[in-house]
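**Q** the sequence and its predicted three-dimensional model are supplied below.
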Amino acid sequence: MNIRQMEYFLAVAEAGNISAAAQKLKISQPPLSTQIRLLEEELGVRLMDRGARRIRLTDAGQLLYRRALSIVDMTESTTRELKELAGGLHGLLSLGTISSCGAVLLDERMPLYHQRYPHISFELWEGNTFELLEKLQRGGIELALVRTPFREDGLECIYLQQEPMVVAAKKEFFQDYPAKTVSLHDLARMPLIYYRRFEHLLNAAFQQLSLTPEAACKNDDARTCLMWARAGLGVALVPQSMVPMMDDGSLCSRVVDDSQLMTQVALVRRKGSYCSAPAKRFWQLFAGDPEWDKGPEGMEESMEDPQEESGHSTK
């Protein structure tokens, strides 16, 4: 079993049939079919049930699919890191980001980093916090900007400044709320639009006051919340830094006056993982380390085992 066979297997599994996979891989169907058959013979299991129109993975195929994703991701990142090691700070940083951290990512840090290291390019992977943490654990990305709450197990974390949650909506929703803040009692009377990962946090805060939130819409992205609010369909509950990114001037906002409804962006990496020079410099920048802008002459030092460095988990 080799990397190419796993790439072929992943292509067939994701495309659902040999023909579409062959087109994606830019090869003909017979050699692709042969490689899948040889892989099954080598492993001694059937990986796919071949239907008339669509291929379905067997239990063994589903197990191999999960493993192959990790192996191919790791192979690609290792190849990239070895090239960086040979070429200094002319590299690629694979970074995961959530949609609601754009204001953090594009503040003064990114312009500073780009100015200091103009030859480092970025490969951004966007998703929700849990998707990015899974990809981080598989080795598909080196660093991720995610948002609390999440489990810290196996992670090093740099926590940025706490920010409150706000509600944003058309001004008519706030006619009875002239103050700059709203309470949980106020929120209980509003048609809330929020994303699911905050549902447990929100319900816990309401239950302490024997209140029940009115969910006008639950979804998986802060941008969706604000789009629905702009359409006048309810009141979006989002992190404060998200509103300026998406507001076209049609929304009003109020800070939620409750210490439980606070959130933070965190830059995270796996404990004990290899840290490429571009990733190390990015990490140091967010940590406020004065060594973050060392030049290529510091490459040997930058390749130290991250377990030997002082970790961060500050809030």
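**A** Okay, I see it.
**Q** make it CA atoms for all contacts and neighbour counts henceforth
**A** Noted.
**Q** hang on, Leu63 in a helix?
**A** Yes. Applying DSSP: H, G, I helix; E, B strand; the rest coil, one finds Leu63 inside a helix.
**Q** in stretch 172-187, what's buried?
**A** Using 16 or more other CA atoms under 10 Å as the test for burial, stretch 172-187 gives Phe173, Phe174, Val182, Leu184, Leu187.
**Q** can you give me the neighbour number for the closest residue in space to Asp220 that isn't next to it in sequence?
**A** Take Asp220 and drop its neighbours on the chain: the residue closest to it by CA to CA, 6 or more residues apart in numbering is Tyr195, 4.8 Å away. Neighbours of Tyr195 under the rule other CA atoms under 10 Å: 19.
**Q** ok, Tyr195 touching Asp221?
**A** Yes. Counting by CA atoms under 8 Å, Asp221 is a contact partner of Tyr195 at 5.8 Å.
**Q** quick one: low-confidence parts of the stretch 201-315 of the chain?
**A** Applying pLDDT under 70 to the stretch 201-315 of the chain flags residues 295-315.
**Q** for it, what spans make up the helices?
**A** Taking DSSP state H, counting those that start in this stretch as the criterion, the stretch 201-315 of the chain contains helices spanning 222-230, 243-246, 277-287, 299-302.
**Q** the first one packs against which elements?
**A** Of the remaining helices and strands, those touching helix 222-230 by 3 or more CA pairs under 8 Å, 6 or more residues apart in numbering; DSSP states H and E are strand 163-169, strand 191-195, strand 235-239, helix 243-246.
**Q** make CSV out of these and add distance to Glu156.
**A** Output for the helices and strands packed on helix 222-230, formatted as CSV (distance: least, CA to CA, whole Å):
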stretch, distance to Glu156
strand 163-169, 21
strand 191-195, 26
strand 235-239, 23
helix 243-246, 28
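**Q** out of the ones you listed, which comes closest to Leu211?
**A** Leu211 sits nearest to strand 191-195 of all the helices and strands packed on helix 222-230, at 13.6 Å, using CA to CA.
**Q** what pairs with that closest one, parallel or antiparallel?
**A** Here strand 191-195 is paired, per DSSP bridges, with strand 214-219 (parallel), strand 235-239 (parallel).
**Q** export that strand as CSV, just CAs?
**A** In CSV, the C-alpha atoms belonging to strand 191-195 read as follows (Å, rounded to 0.1, in the frame of the first residue of the first chain):
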residue,chain,number,x,y,z
PRO,A,191,-36.4,36.3,18.4
LEU,A,192,-32.8,35.1,18.5
ILE,A,193,-30.7,34.0,15.6
TYR,A,194,-27.6,32.2,16.9
TYR,A,195,-25.2,29.4,15.9
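**Q** buried stuff in it?
**A** Buried residues in strand 191-195, counting neighbours by 16+ other CA under 10 Å, are found at Pro191, Leu192, Ile193, Tyr194, Tyr195.
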